[in-house]
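Trainee: Just to be clear, the model below is a prediction. Sequence and coordinates:
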Amino acid sequence: MGELEAIKARVREMEEEAEKLKQLQSEVDKQILGSPGNQALNVSIEDKMEIDARSVFVGNVDYGATAEELEQHFHGCGSINRVTILCNKFDGHPKGFAYVEFADKESVQTAMALDDSLFRGRQIKVISFA
């Protein structure tokens, strides 16, 4: 395969990953904004964008992982406000994805250094929304 084909294949992979992220983000938005009685119902679009700027998406997370373990893995990046592990709404099982929301957006850049790091024996993907 030539260099151009390899680049095109990589771009396709990245576009597919971006599309999956959009779908996941949409699911999370529905969970956060659509839950009755959830105080996040009052979150404005500006607030949500600001939260996204301080958050990272973590993929390939071990199904047995806890929020505390993820917090420990990312604790060196900065102060963490919240760790959210996405679960299947039908059976409650983890999906293998998580979000880590930091207190400040500078922590996101530090967290990006943990992309491809090992967490519970699995190589995790760390993606920022910024």
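Mentor: Yep, it's here.
Trainee: tell me the centre residue of this protein?
Mentor: residue 57 (1.4 Å; C-alpha atoms, centre = their mean).
Trainee: residues in contact with it?
Mentor: Taking C-beta atoms under 8 Å, 6 or more residues apart in numbering, we find residue 57 in contact with 21, 24-25, 97-99, 125-129. C-beta: built from backbone N, CA, C; applies to glycine.
Trainee: Go again with 10 Å.
Mentor: 20-21, 24-25, 28, 86, 97-100, 125-129 (C-beta atoms under 10 Å, 6 or more residues apart in numbering).
Trainee: Assign it to one of the three secondary structure states.
Mentor: Assigned by DSSP: H, G, I helix; E, B strand; the rest coil, the conformation of residue 57 is strand.
Trainee: And it, how close does it get to residue 85?
Mentor: 12 Å (C-beta to C-beta, to the nearest Å).
Trainee: list residues touching both of these two?
Mentor: Jointly contacting residue 57 and residue 85 under the rule C-beta under 10 Å, 6+ apart are 97-99.
Trainee: Which of those sits closest to residue 50?
Mentor: Among those, residue 99 lies closest to residue 50 (C-beta to C-beta), at 14.3 Å.
Trainee: Neighbours of the closest residue to the closest one other than its chain neighbours, how many?
Mentor: In this structure, residue 99 finds its nearest non-sequential neighbour in residue 84, 4.5 Å apart by C-beta to C-beta, 6 or more residues apart in numbering. Using other C-beta atoms under 10 Å, the number of residues around residue 84 comes to 17.
Trainee: No further queries at this time; thank you.
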